[in-house]
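In: Next come a sequence and a model predicted from it.
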Amino acid sequence: GEDVEQSLFLSVREGDSSVINCTYTDSSSTYLYWYKQEPGAGLQLLTYIFSNMDMKQDQRLTVLLNKKDKHLSLRIADTQTGDSAIYFCAESMGDGGSQGNLIFGKGTKLSVKP
Amino acid sequence: DSGVTQTPKHLITATGQRVTLRCSPRSGDLSVYWYQQSLDQGLQFLIQYYNGEERAKGNILERFSAQQFPDLHSELNLSSLELGDSALYFCASSDYITDTQYFGPGTRLTVL
């Protein structure tokens, strides 16, 4: 069945890089997503990557995709205390055309120490 | 701000009761998804509507139902509520081309 796995916790110092890892099982997933959830808030879309890409960079965020190993990572450069949140990896079960619900990992809680 | 709105923000009710959660998608989005977030189950897909019609069903209980109206807003109805239904309920909308889902702020349901 479909499953998305992430480590539950990550702690880094302010200014360091954070790397959050995720593995997924469905090789037919078209899009893979990273969402951020701050305490008491909703899910904020951070970035996404199309499955035929290896890498996507967006300011401080870098997404790496290893499709052979079904491994996705999110790197946050120069991590700030405001980056403290839970980060969710998600795979889309569709191929566009509003056919895909998302399968989420359990989330990685990132703690940034000053 | 994602452009997706949900009301109410918080809801406190008793076991056995029925509640309705409301969602308005982003302007122009035809698809609405409902998700439940709880501590033990994480984020789980419940149901999807596209332009008024049910498109996909996930782990939605029979006590729960949803609909999407001609103006594209959606309602999630939860009945015969149990303590275990206490959770955050999120709505998301997506456009047809990119399929990227944008989430609302959620409704926190507490069943006492």
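Out: Nice, I can see it. These figures come from a predicted structure and were not determined experimentally.

In: For residue 23, give me its contacts.
Out: Just going to use chain A. A:4, A:5, A:6, A:69, A:70, A:71, A:72 (C-beta atoms under 8 Å, 6 or more residues apart in numbering or on different chains). Every C-beta, even on glycine, is put in place using the N, C-alpha and C of the backbone.

In: Not quite, go with chain B.
Out: Per C-beta under 8 Å, 6+ apart, neighbours of residue B:23: B:4, B:5, B:6, B:32, B:34, B:73, B:74, B:75, B:76, B:91, B:93, B:104.

In: Surely the last one is in contact with residue B:6?
Out: In other words, residue B:104. Yes: when contacts are counted by C-beta atoms under 8 Å, residue B:104 is listed as touching residue B:6 (3.9 Å).

In: If you count surrounding residues, which of these two has more?
Out: Applying other C-beta atoms under 10 Å in any protein chain shown to residue B:104 and residue B:6 shows that residue B:104 carries more neighbours, namely 26 against 21.

In: Which residue lies nearest the spatial centre of chain B?
Out: residue B:34 (3.4 Å; C-alpha atoms, centre = their mean).

In: Tell me the pLDDT of the closest residue to that residue other than its chain neighbours.
Out: Spatial nearest neighbour of residue B:34, chain neighbours left out: residue B:46 (4.3 Å); criterion: C-beta to C-beta, 6 or more residues apart in numbering or on different chains. Predicted confidence (pLDDT) for residue B:46: 95.
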